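K.L.:
next comes the sequence, and after it the predicted model I'd like to discuss.
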Amino acid sequence: MSFQIGDKVNFLNEAGGGKVIAVDGNTITVETDDGFDYQYQASQLVLAGGNYEISDRDVEKIVNQERNNKQDAQFYKKFKHLEKMNKSDEMEVDLHIESLIDSHKGMPNYQIIEVQMAEFKRKMNAAISRNMKRIVFIHGVGAGVLREEIRSELRTFYPGYEFLDGSYQRYGGGATEVLLRG
């Protein structure tokens, strides 16, 4: 997808958006709604307006980017102020697709799960590296597919961490809490 100066864009992996103020190949400079200028890769942005249909190739690029820990570290330095944090040692992450990207029109279910799981892995790794006490992933009740994917990932790749259902009063059975330290 190509962007032009003046295009209104939304961030693919974070809430918010802005206006394109410079284009240098695949690097796009965006003035955020808060008035700050940040550089993004074109694959991290979508045109605002809601009619963007994401392709398999776009999702593959997103998932591959999430696997790059160096890029994650730089990304978190830039956007750590945007994360919803209850306390300095706790984090709450909403994995509903509507919270991650502005439009998922035309996306098949497996692509939606891939985007959600990429966000799960990124936030889980960030919480571990920050030595947080706990992290709560809000996945919703639904059919339970995302919940099971998260728990399978935790059992396979994070076996040292205990997890349980999030507070029923607060999340209604639609969250998984991971205890990162005692």
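P.N.:
Okay, I see it.
K.L.:
which parts of stretch 34-48 are buried?
P.N.:
40, 42, 43, 44, 45, 46, 47, 48 (16 or more other Cβ atoms under 10 Å). All C-beta atoms are positioned from the backbone trio N, CA, C, and that covers glycine.
K.L.:
got the end-to-end distance for that stretch?
P.N.:
Counting by Cα to Cα, to the nearest Å, you get 16 Å between the two ends of stretch 34-48.
K.L.:
run the chain-centre distance for it.
P.N.:
Offset of stretch 34-48 from its chain centre (Cα atoms, centre = their mean, to the nearest Å): 14 Å.
K.L.:
just to revisit the earlier point, now, which of the buried residues of stretch 34-48 sits nearest residue 98?
P.N.:
Taking Cβ to Cβ as the measure, residue 98 sits nearest to residue 46 out of the buried residues of stretch 34-48, at 13.5 Å.
K.L.:
residue 175 is in contact with residue 137, correct?
P.N.:
Yes - assessed by Cβ atoms under 8 Å, residue 137 is found in contact with residue 175 at 6.4 Å.
K.L.:
could you name every residue contacting both of the two?
P.N.:
Both residue 137 and residue 175 are in contact with residue 166, where contact means Cβ atoms under 8 Å, 6 or more residues apart in numbering.
K.L.:
between these two, who's got more neighbours?
P.N.:
A side-by-side neighbour count of residue 137 and residue 175, using other Cβ atoms under 10 Å, places residue 137 first with 27 against 24.
K.L.:
what are the bridge partners for that one, then?
P.N.:
When bridges are called by DSSP bridges, residue 137 pairs up with residue 93, residue 176.
K.L.:
give me the pLDDT value at it.
P.N.:
Residue 137 carries a pLDDT score of 96 in this model.
K.L.:
what sits against residue 181?
P.N.:
Contacts for residue 181 were tallied using Cβ under 8 Å, 6+ apart; they are 131, 132, 133.
K.L.:
can you count the residues close to the last one?
P.N.:
The tally of other residues near residue 133 (other Cβ under 10 Å) stands at 14.
K.L.:
same thing with the second one?
P.N.:
With neighbours defined by other Cβ under 10 Å, the count for residue 132 comes to 18.
K.L.:
I figured it hits residue 177, correct?
P.N.:
No - using Cβ under 8 Å, residue 132 is not in contact with residue 177; the gap is 12.0 Å.
K.L.:
with pLDDT and secondary structure added, can I get the contacts of residue 181 in JSON lines?
P.N.:
As requested, the contacts of residue 181 are exported to JSON lines (pLDDT from 0 to 100; DSSP: H, G, I helix; E, B strand; the rest coil):
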{"residue": "131", "pLDDT": "89", "secondary structure": "coil"}
{"residue": "132", "pLDDT": "91", "secondary structure": "coil"}
{"residue": "133", "pLDDT": "93", "secondary structure": "coil"}
